[in-house]
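Peer 1: Just the structure for this:
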Amino acid sequence: MADNAFWIAALTAGTAVLASWVTSRGTARAARIQADTTAGAQRVERLREARRTAYAGFIEQAQRLNDVHWKVSDVVVRGAEGGLGPEQVEELRGLRERQRDEYAALRNLTWVVSLEGPEEVADLANTVRRATSPFHKAIEAMIEGDTGAAARFDACYSPFWDALRAFIKASRDTLHSM
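Peer 2: Model prediction:
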């Protein structure tokens, strides 16, 4: 009888050790899965935040650049009655310099958006950036005295805003799909 008790005790102990080992492996695996899931969620959230910051900065800079364009329009409207006088031309020169500075910042932010991706949003950021070129050419032409340049300048707004709206929509869709 004592031999049976020993074997039952040994079997019970072995079963307990095996059950403990199986449980610990399951617990370790569950902990690893949870850690991987948490790390993945944190990576996605960091990417989402980086993209959001890049997109918001780009949109803000596009608005700053557009503020310069509105100021150019104000100068043109003031000079519309009698043509652009020396004062308006000088204002346009100052605004042209400011536009170059704002454009340089927009160009840099376009690169940031390109780094953050995705490619569709980066392409749309480039479209917005390129849509500012006709504004600059029209300002140059106004400074040089081209009478048709003001109309060309006004015609630049719709393509710029359309490109910016497309960028904003793609940015929003990208952020919401993450």
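Peer 1: Where does pLDDT dip in the chain?
Peer 2: Within the chain, the stretches with pLDDT under 70 are 1-2, 80-82.
Peer 1: Identify the spatial nearest neighbour of the residue at minimal distance from the centre of it, chain neighbours not counted.
Peer 2: Nearest to the geometric centre of the chain sits Tyr55, at 2.1 Å (Cα atoms, centre = their mean). Nearest non-adjacent residue to Tyr55, counting by Cβ to Cβ, 6 or more residues apart in numbering: Ser171, 4.1 Å away. All C-beta spots, glycine's among them, are computed from the backbone N, C-alpha and C.
Peer 1: thinking in terms of the whole chain, how far from its middle is the host helix or strand of the one you found?
Peer 2: Ser171 is located in helix 157-176, with elements delineated by DSSP states H and E. What separates the centre of helix 157-176 from the centre of its chain is 11 Å, taken as Cα atoms, centre = their mean, to the nearest Å.
Peer 1: That one: which residues count as buried?
Peer 2: Buried residues in helix 157-176, defined by neighbour count with 16 or more other Cβ atoms under 10 Å: 157, 159-160, 163-164, 166-168, 170-171, 174.
Peer 1: before we move on, what about stretch 101-110?
Peer 2: 102-103, 105-106, 109-110.
Peer 1: what's that stretch in contact with?
Peer 2: With contact meaning Cβ atoms under 8 Å, 6 or more residues apart in numbering, stretch 101-110 is reached by 54, 57-58, 61-62, 64-65, 68, 122, 125-126, 128-129, 132, 136.
Peer 1: Output the contacting helices and strands for the lengthiest helix in the chain.
Peer 2: Scanning the chain for the helix with the most residues, using DSSP state H, yields helix 2-80. Helices and strands in packing contact with helix 2-80 are listed as helix 86-116, helix 119-130, helix 133-143, helix 149-154, helix 157-176; criterion 3 or more Cβ pairs under 8 Å, 6 or more residues apart in numbering; DSSP states H and E.
Peer 1: so how far is it off the chain centroid?
Peer 2: 20 Å.
Peer 1: what do you get for stretch 91-99?
Peer 2: With Cα atoms, centre = their mean, you get 27 Å for stretch 91-99.
Peer 1: which residues are in contact with that stretch?
Peer 2: Contact with stretch 91-99 is made by 65, 68-69, 71-72, 75, 84, 132, 135-136, 139-140, 142-143, as judged by Cβ under 8 Å, 6+ apart.
Peer 1: can you redo the residues you listed as CSV with neighbour count and distance to Arg152?
Peer 2: Output for those, formatted as CSV (neighbours: other Cβ atoms under 10 Å; distance: Cβ to Cβ, whole Å):
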residue, neighbour count, distance to Arg152
Leu65, 22, 17
Val68, 22, 17
His69, 22, 13
Lys71, 16, 17
Val72, 23, 12
Val75, 21, 15
Leu84, 21, 14
Thr132, 23, 14
Phe135, 23, 9
His136, 16, 11
Ile139, 25, 10
Glu140, 13, 11
Met142, 24, 9
Ile143, 17, 13
